[in-house]
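Engineer: Predicted model and sequence below, questions to follow.
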Amino acid sequence: MAIGRMYNTAGLASAASLFAAAALIGAVQAHNQHKVIPEGETVTKEPLDSITWLHIFIQMFAYGVIFPIGMVLGITKSRWHVPTQAVGSALALVGFFLGHAHGGRQYVGGNVHSVFANILQLLLVAQVVLGLYLKGHWERGINGRIRLLIRPFHSVIGKAMPLLAWVQMVFGGITTLGFCQGDHLGQCAAHFIMGGAFIAYGIVLTIILLAGQLWMRRTGRSQEFFDSSVIAAWGCVNTFTEHRWGSAWVRNDWQHTTMGIVWWCAGLAGIWLSRDRDGNPKRNFIPAFVILITGWAMSAHPQELMVSAMTHAMFGKTLMAVGVTRIIEIAFILKDKQSLDESGRTWNSFQYIPVFLMYASGFLFMGATEEQMILVDAAGLDGVSYTLILYSLAFMVFLFSNMLIHLYDRLSTKEEGGKYSNGHIRLNGNSNEEGRLRDAEEFELEGLSDEEEHDESQRMLNRTARASTDTPSTLGRNNLASAH
Ligand code: HEM
Ligand code: HEM
């Protein structure tokens, strides 16, 4: 125990000193830039050197692959969490040095990527320090109370990390290319924020489909209630922010503002339709329809370049396809139910279509700013190839999200008598302790009602069946099916 404590303190000190050293070296390096940046530009003309490339790959791997996996391992309290995040942090440290040590192309000082890097780096240091404290497992007395305070911080920063890393990667991309300066800033922000929001919504839909069907049912509201509320709120904001009311209407003001208006009008209708005549949650077509009409409207901006026109058209079609397939899914595949079956553990292959297309439209939109289109055009890339590249990226992120959710699903149910208990639907931490507590409560309640008795005995049966064969037998599922 004492050795463990010493180890932790030593680890803490050495991690802190390493990061301090890195910060110092960074400050020195920042003053060593000799190359001249042309007037009005933010980058020199040289190609990227291999250190920059290494930086890019290592950071993308650490922040984009290792940390998200580690996050899931943390949420599910796997013993692999600490080793995984330790490897991730070590890689991030190497990436940090490389970021400061690069030659080749030079960038204007105080660029958004280097500014945000500091914030991200500080958060990572904090995360590691807090993590090491938690790892100490000092759970008694004053330390126990401090631990209670520290846990939520580690938890929130840990879950925000993939999102912040995503932002930093986008910043990295635009810094490398010298994009999004001056007049381009507004357009960049619009494309990256909205495109990112589409991808985020795709991820949320994936989580709900794969792991959250029962959770959604337990909220007592239809999914469209939440979607419509967000749409209405967002529309409201856009109605007032896309145009300075009282001044002249310029450029695309009309389109952006009317889009805001239709969003809140439709959103309100969607909220209304999310209950049936008896007040039960009810599915509806509104959010999907808003996506459909948004796709139509957004792809109608006139474009100058051929490749740009094609990318925008494909974006519009993809987003409209999300809307259409989502309406078909809700009305005809699910027949207005929240899930295909009671267990909430299954789905129809069709249900993946709107979900995936959401990612694809996000990537198409993120890849369609004016500057990007000029770059693509200059490289002689045609619209079809460019679209295929963006679809490939969408597939990669879609696959990775599926893998992470699967990992979560597997790990969060392991200790609770197999996947046939409803453990997998808990989306936020605390799974195992809480699960055991609830199991105990349910055990005490056994026999109170016929249905519950049946249910509990099935659960125990499943557990025994699973323990004895240790393979996911279909026995549990069959029993469950016959129980209902
Ligand atoms: C390398 C240093 C790290 C150590 C020693 C560490 C340690 C821990 C420990 C002991 C827990 C369990 C807390 C508890 O059950 O009370 C935990 C949870 C967690 N960690 Fe870390 N961690 C580290 C880095 C990270 C990083 C870099 C991230 C994110 C990118 C992260 C994300 C999380 C998350 C999301 C949880 C789940 C918290 C919850 O229950 O909601 N950790 N960590
Ligand atoms: C989340 C992952 C990333 C992190 C944490 C990160 C962090 C850093 C840090 C700390 C620096 C040094 C900043 C400075 O000079 O003050 C840096 C520089 C740089 N990074 Fe990243 N980076 C990440 C991803 C990327 C990506 C994906 C790209 C490109 C696509 C990129 C391109 C660059 C470039 C070009 C520089 C040099 C900037 C300059 O000299 O001012 N980085 N990065």
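Structural biologist: Sure, I can see it. Numbering: from 1, shown residues only. Ligands and ions are numbered 1, 2, ... in the order given.
Engineer: Spit out the contact partners of the residue nearest to the spatial centre of the chain.
Structural biologist: Central residue of the chain (C-alpha atoms, centre = their mean): Ala200, 5.1 Å from the mean position. Listed by C-beta atoms under 8 Å, 6 or more residues apart in numbering, the contact partners of Ala200 are Gly362. From N, CA and C alone the C-beta is placed, and that goes for glycine too.
Engineer: Tell me if it really is in a helix.
Structural biologist: Yes. The assignment for Ala200 by DSSP: H, G, I helix; E, B strand; the rest coil puts it in a helix.
Engineer: Could you report the distance from it to ligand 2?
Structural biologist: 17 Å (C-beta to the nearest ligand atom, to the nearest Å).
Engineer: before we move on, what about Arg410?
Structural biologist: 27 Å.
Engineer: neighbours around that residue, how many?
Structural biologist: 13 (other C-beta atoms under 10 Å).
Engineer: secondary structure element for it?
Structural biologist: helix 383-413 (DSSP states H and E).
Engineer: how about the host helix or strand of Phe57, does it reach ligand 2?
Structural biologist: Element membership of Phe57 [criterion: DSSP H and E] is helix 50-61. Yes. Using C-beta under 6 Å from any ligand atom, we find that helix 50-61 touches ligand 2 at Thr52, His55, Ile56, Gln59, Met60.
Engineer: On the three-state scheme, Gly182 is what?
Structural biologist: Classified using three-state DSSP, Gly182 is coil.
Engineer: tell me the contacts of the nearest residue to Ile328 once chain neighbours are set aside?
Structural biologist: Excluding the flanking residues, the one nearest Ile328 by C-beta to C-beta, 6 or more residues apart in numbering is Phe350, at 7.4 Å. Applying C-beta under 8 Å, 6+ apart to Phe350 gives the contacts Thr325, Ile328, Glu329, Ile333.
Engineer: Confirm for me that the third one is in contact with Pro354.
Structural biologist: Yes. Proximity of Glu329 to Pro354 meets the contact threshold set by C-beta atoms under 8 Å, at 6.0 Å.
Engineer: okay, and the common contacts of these two?
Structural biologist: Common contacts of Glu329 and Pro354 (C-beta under 8 Å, 6+ apart): none found.
Engineer: where does the chain have low pLDDT?
Structural biologist: 1-35, 251, 414-484 (pLDDT under 70).
Engineer: which bits of it sit near ligand 1?
Structural biologist: Going by C-beta under 6 Å from any ligand atom, the residues of the chain near ligand 1 are 67, 70-71, 74-75, 77, 81-82, 85-86, 88-89, 127-128, 131-132, 134-135, 151, 154-155, 158-159, 161, 429.
Engineer: Just those: which are in helices?
Structural biologist: Among these, the members found in helices (DSSP state H) are 67, 70-71, 74-75, 81-82, 85-86, 88-89, 127-128, 131-132, 134-135, 151, 154-155, 158-159, 161.
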